[in-house]
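Enquirer: below are the sequence and a predicted model; questions follow.
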Amino acid sequence: MTNSIIIHKHGGPDVMKWEQIPLKSPERGEVLINQTKVGLNFIDIYQRSGVYPLDLPSSIGMEGVGVVESIGDGVENVKVGDRIGYVMGTPGSYTESRLYPADRLIKLPEFLSDSQAAAVLLKGLTVSYLINRTFVVKKGQTVLFHAAAGGVGLIACQWLSRLGVEVIGTVSTDEKAEKASAYGCHHTVNYSREDFTKKVEEITEGKGVPVVYDGVGADTFEGSLKCLAPFGVLASFGAASGAPPVLKIGDLAKKSLYLTRPVLGSHTATNKLTEEIANLLFDAIKNGLSIPINHRYSLKDAAEAHRDLQSRKTTGSAILEI
Ligand SMILES: NC(=O)c1ccc[n+]([C@@H]2O[C@H](COP(=O)([O-])OP(=O)(O)OC[C@H]3O[C@@H](n4cnc5c(N)ncnc54)[C@H](OP(=O)(O)O)[C@@H]3O)[C@@H](O)[C@H]2O)c1
């Protein structure tokens, strides 16, 4: 048996219940993980609320860190006692112990603590693919990153500025603007009182930006398109404010724009794909990228964590502790 957060129906934070559930032994190719930390991510809210429907009852969560407790037949890439982390796969990281496919595990470098790993794996790998694959940024460019003080946002601000990229970041409060600036955001725009499209026009002297990284969705999507330079790329990678509106393909025509809806699941679909973006992330951390763990909750109190994340109270990364 193990203790897990389980949902029996989709809904608000209170649908999450702390329950004992049975735990099987690992089958061929699987490991049993004794988890220590769990990453809190916006996708957990989509899973809990039903934006991404699950077969119920189910646990939720896509990022965990811990120690390999036992292994099934045929597992060769890890051994009992190894410290590992994982992202994506079958939802269910909100648990003390779980089974997981061995070939999707990420071995943790020694310089990363369990807390740091849970705070950075999913969000950092997302930034890694967004800036190295979705749109390959170059020194000297100016880019727009929405929700710059969020979990993905603070990692992105730092990483981009370290690459010599000028970052325009949107935030909803002055405190968040300070946070984003402290992590390398060059121009903060408070989009709760300023029109971010006008600010981008001013900052770029009417040229627009070559890429907008938009994890906010409904509230920003149309403005994001306006901010792009000719041939610009809108990377619509999330929907914290709701799903973006349906787009007419002709809306891209005026400036020959590109629109993409990338997901970490595709970018970690094979070991090779995962390793490539993980190595870039680990190198960036070795070179000084810091991991802002701004909130810690007990896994049992996941409801409180969800309330804070969805009501925009958090900045940087939050972790759930076991
Ligand atoms: N596609 C992928 O591969 C992938 C992977 C990871 C994350 N994501 C997406 O990236 C985004 C950021 O994820 P995260 O886990 O790091 O979360 P987060 O940025 O820490 O939290 C979401 C932020 O979005 C902003 N926001 C704007 N409107 C909102 C609204 N109506 N309700 C709630 N928040 C709102 C808030 O910042 P302000 O208050 O400053 O506006 C809030 O802090 C999410 O959309 C997530 O789904 C996508």
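Expert: Structure's in. What do you need? Numbering: from 1, shown residues only.

Enquirer: how deep is K248 tucked in, by neighbour count?
Expert: Residues lying near K248 (other C-beta atoms under 10 Å) number 8. Glycine gets a C-beta too; all of them are placed from N, C-alpha and C.

Enquirer: report pLDDT for it.
Expert: At K248, the model reports a pLDDT of 95.

Enquirer: residue at max distance from the center of the protein?
Expert: Within the chain, D73 marks the point farthest from the mean C-alpha position, 32.2 Å out by C-alpha atoms, centre = their mean.

Enquirer: ok, that residue touching V31?
Expert: No. With contact defined as C-beta atoms under 8 Å, D73 does not reach V31; the gap is 11.3 Å.

Enquirer: got a list of what the residue farthest from the centre of the chain touches?
Expert: E27, R28, G29 (C-beta atoms under 8 Å, 6 or more residues apart in numbering).

Enquirer: on the three-state scheme, it is what?
Expert: Classification of D73 by DSSP: H, G, I helix; E, B strand; the rest coil places it in coil.

Enquirer: and what of I84?
Expert: With three-state DSSP as the criterion, I84 was assigned strand.

Enquirer: quick one on the thing from earlier: now distance to the ligand, neighbour count and pLDDT too, for the contacts of D73, in a markdown table please.
Expert: Shown next, in a markdown table, are the contacts of D73 (distance: C-beta to the nearest ligand atom, whole Å; neighbours: other C-beta atoms under 10 Å; pLDDT from 0 to 100):
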| residue | distance to the ligand | neighbour count | pLDDT |
| --- | --- | --- | --- |
| E27 | 28 | 11 | 98 |
| R28 | 29 | 9 | 98 |
| G29 | 25 | 15 | 98 |
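
Enquirer: list just the nearest of the residues you listed to G92.
Expert: Distances from G92 to those, taken as C-beta to C-beta, are shortest for E27 (15.5 Å).

Enquirer: how near is that closest one to N34?
Expert: 18 Å (C-beta to C-beta, to the nearest Å).

Enquirer: what about whatever residue of the stretch 1-150 of the chain ends up closest to the ligand, neighbour count?
Expert: At 2.0 Å from the ligand, G150 is the closest residue in the stretch 1-150 of the chain, using C-beta to the nearest ligand atom. A total of 28 residues lie near G150 under the criterion other C-beta under 10 Å.

Enquirer: for the residue of the stretch 201-322 of the chain found nearest the ligand, give me its contacts.
Expert: Closest approach between the stretch 201-322 of the chain and the ligand, counting by C-beta to the nearest ligand atom: G238, at 2.2 Å. Residues counted as contacts of G238 (C-beta under 8 Å, 6+ apart) are F42, V152, D214, G215, V216, G217.

Enquirer: can I get those residues in CSV with secondary structure and neighbour count?
Expert: Listed next are the contacts of G238 as CSV, based on DSSP: H, G, I helix; E, B strand; the rest coil; neighbours: other C-beta atoms under 10 Å:
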residue, secondary structure, neighbour count
F42, helix, 20
V152, helix, 26
D214, strand, 26
G215, coil, 23
V216, coil, 24
G217, coil, 19
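
Enquirer: now, which of the residues you listed lie close to the ligand?
Expert: F42, V152, G215, V216 (C-beta under 6 Å from any ligand atom).

Enquirer: tabulate the residues you listed (JSON lines), appending pLDDT.
Expert: Formatted as JSON lines, the ones next to the ligand among the contacts of G238 follow (pLDDT from 0 to 100):
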{"residue": "F42", "pLDDT": "98"}
{"residue": "V152", "pLDDT": "99"}
{"residue": "G215", "pLDDT": "98"}
{"residue": "V216", "pLDDT": "99"}
